[in-house]
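J.: Let me see the structure of the following:
(one chain, ligands or ions: 2)
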Amino acid sequence: MILVGVDGSRAGLEAAGWAAREAALRHVPLRVVHAMPRWALETGDEGPYAGVARWMRESAETVLTGGVDRALREAPGLEVESAPLPGDPRPALIKAAADADLLVVGNHGLGGFVGLLIGSTAHGVAAHAPCDVVVVRGSSVPPRGEVVVGIDGSAANEQVLRFAFAEASLRGVRLRAIHAWRPFEVGGGFAPASDDLAGEQGERRLLGEAITGWSERYPDVKVIEETVRGHPADVLRHAAEGSDLLVVGSRGHGGLTGMLLGSVSQAVLQHATCPVAVVRVREDA
Ligand SMILES: Nc1ncnc2c1ncn2[C@@H]1O[C@H](COP(=O)(O)OP(=O)(O)OP(=O)(O)O)[C@@H](O)[C@H]1O
Ligand SMILES: [Mg+2]
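T.: Ligands and ions are numbered 1, 2, ... in the order given. Next up, the predicted model:
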């Protein structure tokens, strides 16, 4: 099941549309949810706040209906259900995601301020949801038919590549696998090397090795491998411009212990111009 959060904003509707197309591709149902204060859900038709509570429930219903309509417009015939959730959006979505395959949200919502690149709900669920998360951004140009994946050489890459290959295959598009590296960076690349040329070759070979097994499993997916010099956040943001989806792990190998969202993932969530998938990297992997 794919879960999508809507809040009445345009970005939330974009998220519902994206989630519906994804659910149709995966042949799974979609669940549209909207978080609202618990008291308004639990207040009956008696008492001083009954009118306000009813009004809030009706508003929530309108928001949910908007999300369901958008989903069905994008994917007619899709199995869609909707429900209000009690509580603040971030914890409510995280809890509801316990039995979801994927949680989809917009990059911002109704709150926030001009210039805010990512809202607190979107950022919070990307860091804390128990499942993979896609943060959707409405784009004015149609995507070019490509999934971009960032590979840093950490153990997490297997999980990130599994997601990226599956997405490229589902969409019938090519996969661009990018490894950004900086010479002499300790622990930042696959193989710190003595000189630039050796470094470049080493990075390229190790990227190829990371991908080979997956290419065999997905012979239908055309893969473009790129090793690019530069900061991973910049490299990935530029490479992913105009793509269908940018896939990153929730953590890489530079992450501090206990950090839930790596700095590259945080940066691309803020600055990417396409939808971003944050693959939940499991500790035990
Ligand atoms: N009450 C909610 N119920 C369900 N989903 C929500 C709710 N609020 C936000 N979302 C989801 O999260 C996305 C991002 O909204 P978010 O709240 O992060 O941004 P914002 O409202 O602009 O900023 P902030 O709330 O931090 O001031 C929305 O597009 C929507 O998908
Ligand atoms: Mg909000």
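J.: mind checking the SS state of residue 95?
T.: Three-state call for residue 95 (DSSP: H, G, I helix; E, B strand; the rest coil): helix.
J.: Give me the buried positions along stretch 82-98.
T.: 82, 84, 85, 87, 89, 90, 92, 93, 94, 96, 97 (16 or more other Cβ atoms under 10 Å). Placement of C-beta: from N, CA and C, glycine included.
J.: same question, stretch 109-123
T.: Buried residues in stretch 109-123 (16+ other Cβ under 10 Å): 109, 112, 118, 119, 121, 122, 123.
J.: Please apply the same query to stretch 229-248.
T.: Neighbour-count burial for stretch 229-248 [16+ other Cβ under 10 Å]: 231-233, 235-237, 239-240, 243-248.
J.: cool, stretch 274-285 as well?
T.: 274, 275, 276, 277, 278, 279, 280, 281.
J.: Over to stretch 152-170?
T.: Quick answer for stretch 152-170 (16+ other Cβ under 10 Å): 152-154, 156-157, 159-161, 163-169.
J.: So which residues of the protein form helices?
T.: Along the chain, the segments classed as helices by DSSP state H run 10-26, 38-42, 50-74, 89-96, 120-128, 157-171, 196-217, 232-239, 263-271.
J.: so can I have a markdown table of those helices showing distance to residue 182 and mean pLDDT?
T.: Shown next, in a markdown table, are the helices of the chain (distance: least, Cβ to Cβ, whole Å; pLDDT from 0 to 100):
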| stretch | distance to residue 182 | mean pLDDT |
| --- | --- | --- |
| helix 10-26 | 33 | 97 |
| helix 38-42 | 48 | 96 |
| helix 50-74 | 40 | 97 |
| helix 89-96 | 34 | 98 |
| helix 120-128 | 25 | 96 |
| helix 157-171 | 18 | 96 |
| helix 196-217 | 9 | 87 |
| helix 232-239 | 9 | 95 |
| helix 263-271 | 12 | 94 |
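J.: closest one to ligand 2 among those helices?
T.: helix 120-128 (5.0 Å; Cβ to the ion).
J.: quick revisit: just the buried residues of stretch 229-248 that are near ligand 2?
T.: Filtering those for proximity to ligand 2 by Cβ under 5 Å from the ion leaves nothing.
J.: closest point of the stretch 51-200 of the chain to ligand 1, which residue?
T.: Nearest residue of the stretch 51-200 of the chain to ligand 1 (Cβ to the nearest ligand atom) works out as residue 119 at 1.8 Å.
J.: Just give me the closest of the buried residues of stretch 152-170 to residue 198.
T.: The closest of these to residue 198 turns out to be residue 153 (Cβ to Cβ; 15.9 Å).
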